[in-house]
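In: This is a predicted model, with the sequence first.
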Amino acid sequence: MKLFLEKSFIRIFTPVFISLFILIVGVSAYVYFQQRNRILTNASGYYSDLLRQRSELLHAKFAPTISDLGFFAHQLLVIKYLDNSTGKPELIKEMQLFAQFNRSYQQIRFINAKGMEQIRINWVGDSLIITPDKLLQDKSQRYYFKKTAALHPGEIYVSPIDLNMEHGKIEIPYQRVIRFGTPIFNKDNQFAGVIIINQNLNTLFNRLKITNDHYNGHLMFLNRDGYWLFGSKENKSFGFMFDSLKNQRLSNLFPKRWNKITKQSSGEIYGPKGMDIFQHVGLGYHAGRGDNFYPGKVYVDAVNDWVLLVHVDYANIKNYKSNKTVFLLVLGVSIFLVLYIAYIMSRLRFKEKKYVAEINAVNKSLEYKIEQRTKELSERNTELKIVNEELESFSYSVSHDLRAPLRHISGFVDLLVKKNRAGLDEKGVRYLDYIKEASQEMSQLIDDLLRFSRVGRTELQMASFEMNNLVEETTRAIQEDYPDQEIRWEITSLPPVTVDYGLMRQVWINLLSNAVKYSSKKAYSLVQVEASETSANYIFKIQDNGVGFDEKYGHKLFGTFQRLHSAEDYEGTGIGLAMVRRIVVRHGGEVWAEGKIGEGATFYFSLPKNPKG
């Protein structure tokens, strides 16, 4: 330590220490930020997928209402009522049927050309009430009447989402509603009034709350002006309806963040403590594309350029905090190592000049290796990007580029064994069998990839049928695939559904065969199938007594090529559950799973009772 009192030693030691310190910190920081970016990219993809699902939920909620309103406006009962007031009871009865069919229709009203309500059907609790004539109100000054009255025959107006008002006051408890209106014309093509449907959105907002409780992120739903329609307790919802809350909107509180959100259809914003993932959702546009959902027919209020936004604290992102801890720990250890190395190197330089050249050579060699490693990492990243791009087009060319060579391999192996079996020893025949099995496995993987690709491109062929018949057909096919395995099926009564029969058969094949496969090492396979329902959906449950899985990795189950068990233990290509998820989501449903290691697994999927299309 006496060397530190020598100025000449300090002059040698200082630049050596600084150089090594910067080098180590730079490499550590590079690795840290690369890992951090990967973690944030994965998190962004995860929550972007959540927003896509919520966007599809909004379209599934509103599209049937638009169809119902267009159908109802052209009913003969409406024309009959306009021509003859004695048709009013029949029109009321028809309105009641529509309200009973969809409980979210809080109100269905006929308002005459002067803005006065003529018929009003209300849900009050569990009762459907016909409003007496003396309680009918003048709606001539309400914005939704004026905008609907200005439309042409067959056109539909969609209002902003707001809180329902009665007699000029906000109704309590709050009723979140959106209004759909269409003008009515008599047989002489003269404007006669409007039909308005108030759709109650409390159930939809409750589902958004469930999403908030289920995920680590904070989900928000905003309109074009930056007002919260849904958020946390700190985010005052529907501020535009209260004078005291006019400034309570994201566009005022976080103007820079809102400015970026308004300029992009989707994306992410990184802040000092967390990240925001957002996606614009407009009722007039199909989720995930840009085409008009009802071209030339639906006029959506401009404020309905909604924004779905998830805010996630970095502390809640998996592996983010541990990655930072590891970086700081490595950095701390590196400082001590650099201090020690710099002392040794400087001491050698100071005492023996002949070692200076050797030490410089070591430093140059070390720098060269680090540069080479950095270059290799950069090249690997570039290669990975290219591979990912190639994988996107793989499914389109696979049938032409891979099927024929595989058939040739299998065919020539058969021909070689057939023609030259006598000249081959046992090991040679076995090797050829291995080649044929491998080509068959590759062919199966190609078929699965092609099926997975087609699921997203084929048009749904919706039809109504008994789900029990489809499940029984599926179990017979699976039983034939496992002739030596004892399978105990417990299937309860399942509701009839309206879906694409072929795609839904693929869902049951994948889920039931998985249940049998992963319980194949038990004394017997027990597979239980049952169904339940909510106000809007049927929920199907498939439970087995198999090996189960660790729930902390459950989010990987429905990704392509994601497997929680080795291929040596259980065969498969890792495509089946990804295909299940894509089919169910296309039908407007959701899929999820529960399980414990060694205690079996339970898979759920939901289907809407009243599907669109």
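Out: Received it, and whenever you're ready, just let me know what you need.

In: which residue ranges form the helices in this structure?
Out: 7-73, 76-83, 88-101, 143-149, 202-214, 250-253, 255-263, 320-351, 354-401, 403-420, 426-455, 467-481, 501-517, 576-586 (DSSP state H).

In: Out of these, which gets nearest to T602?
Out: Of all the helices of the chain, helix 501-517 sits nearest to T602, with 9.5 Å by C-beta to C-beta. To be clear about C-beta, it is placed using only N, CA and C from the backbone, and glycine gets the same treatment.

In: May I see the buried residues of the closest one?
Out: For helix 501-517, a neighbour-count test (16 or more other C-beta atoms under 10 Å) marks 503-517 as buried.

In: how far does that helix sit from the chain's center?
Out: Put simply, helix 501-517 sits 21 Å off its chain's centre (C-alpha atoms, centre = their mean, to the nearest Å).

In: Can you tell me what sits against it?
Out: 451, 455, 458, 460-461, 463, 465, 470-471, 473-475, 477-478, 481-482, 485, 487, 497, 525, 527, 529, 542-544, 546, 570-572, 576-577, 579-580, 583-584, 586-587, 601, 603, 605 (C-beta atoms under 8 Å, 6 or more residues apart in numbering).

In: Apply 6 Å and report the result again.
Out: Helix 501-517 has contacts (C-beta atoms under 6 Å, 6 or more residues apart in numbering) with 463, 471, 474, 478, 482, 487, 525, 527, 542, 544, 570, 576, 580, 583, 603.

In: before we move on, what about stretch 43-60?
Out: G217, E268, I277, Q279, V281, A287, L308, V310, I317, G588.

In: Identify the residues contacting the first one.
Out: Residues counted as contacts of G217 (C-beta under 6 Å, 6+ apart) are Y47, V310, V312.

In: can you do 10 Å?
Out: Counting by C-beta atoms under 10 Å, 6 or more residues apart in numbering, G217 touches 43, 46-47, 50-51, 211, 274-277, 309-313, 316-317.

In: I172: which of the helices of the chain is closest?
Out: Closest of the helices of the chain to I172 is helix 202-214, at 13.1 Å (criterion: C-beta to C-beta).

In: in the protein, which helix or strand is least confident?
Out: helix 426-455 (a mean of 63; mean pLDDT, DSSP states H and E).

In: which non-adjacent residue is nearest V547?
Out: The shortest distance from V547 to any non-neighbouring residue, by C-beta to C-beta, 6 or more residues apart in numbering, is to Y518 (5.3 Å).

In: Test my guess that that neighbour contacts S525.
Out: Yes: using C-beta atoms under 10 Å, Y518 is in contact with S525, at 8.9 Å.

In: shared neighbours of the two, anything?
Out: By C-beta under 10 Å, 6+ apart, the residues touching both Y518 and S525 are D544, N545, G546.

In: Narrow the residues you listed to those in strands?
Out: Among these, the ones falling in strands (DSSP state E) are D544.

In: Name the nearest of the shared contacts of Y518 and S525 relative to L432.
Out: When those are compared against L432 (criterion: C-beta to C-beta), the nearest one is G546, at 34.8 Å.

In: Test my guess that the closest one contacts S525.
Out: Yes: G546 is within contact range of S525, at 7.5 Å (criterion: C-beta under 10 Å).

In: Mind checking which of these two has more residues around it?
Out: G546 (25 against 22; other C-beta atoms under 10 Å).

In: In contact with that one: list those residues for me.
Out: Applying C-beta under 10 Å, 6+ apart, the residues near G546 are 514-522, 525-527, 565, 570, 595, 598-601.

In: From A515, how far out is it?
Out: Distance from G546 to A515, counting by C-beta to C-beta, to the nearest Å: 7 Å.

In: likewise W592?
Out: 16 Å.

In: ok, now L163?
Out: On the measure of C-beta to C-beta, L163 and A515 end up 46 Å apart.

In: returning to that earlier point: top of the contacts of stretch 43-60 by number of neighbours, please.
Out: V310 (27 neighbours).

In: And this structure, what are its domain boundaries?
Out: Domain assignment for the chain by automatic domain parsing gives 74-203, 402-455, 462-608.

In: distance between the ends of the first one?
Out: Between the opening and closing residues of domain 74-203 we find a distance of 29 Å, counting by C-alpha to C-alpha, to the nearest Å.

In: Report the distance from it to the chain centre.
Out: How far domain 74-203 lies from its chain's middle: 35 Å, per C-alpha atoms, centre = their mean.

In: Quick one: mean pLDDT over that domain.
Out: The predicted model assigns domain 74-203 a mean pLDDT of 86.

In: With the last one instead?
Out: Along domain 462-608, the predicted local confidence has a mean pLDDT of 84.

In: sorry, back to before: neighbours of the residue nearest to V547, just the number please.
Out: Residues near Y518, counting by other C-beta under 10 Å: 24.

In: Would you report the backbone torsion angles of Y482?
Out: Main-chain dihedrals, Y482, degrees, to the nearest 10: phi -130, psi 70.
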